[in-house]
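# let's see this in three dimensions:
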Amino acid sequence: MIRTLILSFLSIKPTHGYEIQKFIQLNQLDQWTKIQSGSIYHALAKLDAEGAISCVRTESEGGRARKIYELTELGQDALKNELLHELSLPINDTGADKYLLYPLLGKLDSPSVIRVIEGHIVQLEERRTYLEHWRMVKQSMALTRLEAISFAMMLDGVAAQIQWHKVLLEDLEACRAIGAGMESIIRSIDFSGLDESGMMQAIRKLGETG
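Below you'll find the predicted structure:
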């Protein structure tokens, strides 16, 4: 997910790793995705080596040199591929990275999003059919209480995933609008020197003027 977040941020504006780090921390994405600050700089170096991003200049601030990166044409394709990959993954727990994707879907064309989500729903429906079949088989052989609860939990989880993806399809345009608002905030604010209070004030001010 770290690659997706970095590429998404740089698709909005050129910046350095510290601002991306601050944005992630202020939004508590580091707690959600378990991103470490070192992994951000490691990912930046790797993306630079791959040609997905490029260092356009170096700025000095507080005695530290900061590389300013921008997204390349190759990086634009890489971002789309990363988003499509993340979109195709199952939701395995309550802290799944997939829950963070909806504001980024404006980076993809609607047919691609719809194709991936509809394909994933088909896979989930097949999974539900498989589980229902084996629950029936187990019931014919005296299903234990623990097995009954296990099947119920798995089936409820699959049903919730199917519903989540269907709602995502229905609310796709609303997700794009949220993403556009987020981009406006990122473009208008330098997160490098903000604390959580400062970020909330800046977002409220932007909402009042926009």
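
# okay, CA-based contacts and neighbour counts for the rest of this
Noted.

# separation between Cys57 and Leu131?
Wrong residue type there; residue 57 is Arg, not Cys. 55 Å (Cα to Cα, to the nearest Å).

# how about Ala43?
From Ala43 to Leu131 the distance is 39 Å (Cα to Cα).

# got it, and Ser54?
Distance of Ser54 to Leu131, given as Cα to Cα: 48 Å.

# compare Arg57 and Leu131 (neighbour count), which wins?
Applying other Cα atoms under 10 Å to Arg57 and Leu131 shows that Leu131 carries more neighbours, namely 17 against 12.

# which element, helix or strand, includes that one?
Using DSSP states H and E, Leu131 falls within helix 110-139.

# residues contacting the spatially most central residue of the chain?
Centroid check for the chain by Cα atoms, centre = their mean gives Leu101 as the closest residue, at 3.4 Å. Shown in contact with Leu101 (Cα atoms under 8 Å, 6 or more residues apart in numbering): 83, 86-87.

# what's around Met153, how many residues?
12.

# can you tell me the SS state at it?
The three-state label given to Met153 by DSSP: H, G, I helix; E, B strand; the rest coil is helix.

# list the residues that contact it.
No contacts exist for Met153 under Cα under 8 Å, 6+ apart.

# from Glu147, how far out is it?
Noted for Met153: a distance of 10 Å to Glu147, by Cα to Cα.

# which SSE is Ala142 in?
Per DSSP H and E, there is no helix or strand for Ala142.

# and it, how many residues sit next to it?
Ala142 sits with 10 neighbouring residues when counted by other Cα under 10 Å.

# state the distance from it to Ala148.
Taken as Cα to Cα, the span from Ala142 to Ala148 is 10 Å.

# what do you get for His133?
Note on His133: its distance to Ala148, by Cα to Cα, is 13 Å.

# the helices in this structure, which residues?
For the chain, helices defined by DSSP state H occupy the ranges 2-12, 17-26, 29-33, 37-50, 73-88, 110-139, 145-170, 172-188, 196-209.

# closest one to Asp97 among those?
When these are compared by Cα to Cα, helix 29-33 sits nearest Asp97, at 6.4 Å.

# give me the nearest residue to Ser11, chain neighbours excluded.
Spatially, and ignoring its direct neighbours in sequence, Ser11 is nearest to Leu71 (5.8 Å; Cα to Cα, 6 or more residues apart in numbering).

# residues in contact with that neighbour?
By Cα under 8 Å, 6+ apart, the contact set of Leu71 is 7, 10-11, 14, 52-54.

# closest to Arg127 out of the contacts of Leu101?
Closest approach between those and Arg127, by Cα to Cα: Leu87, at 17.6 Å.
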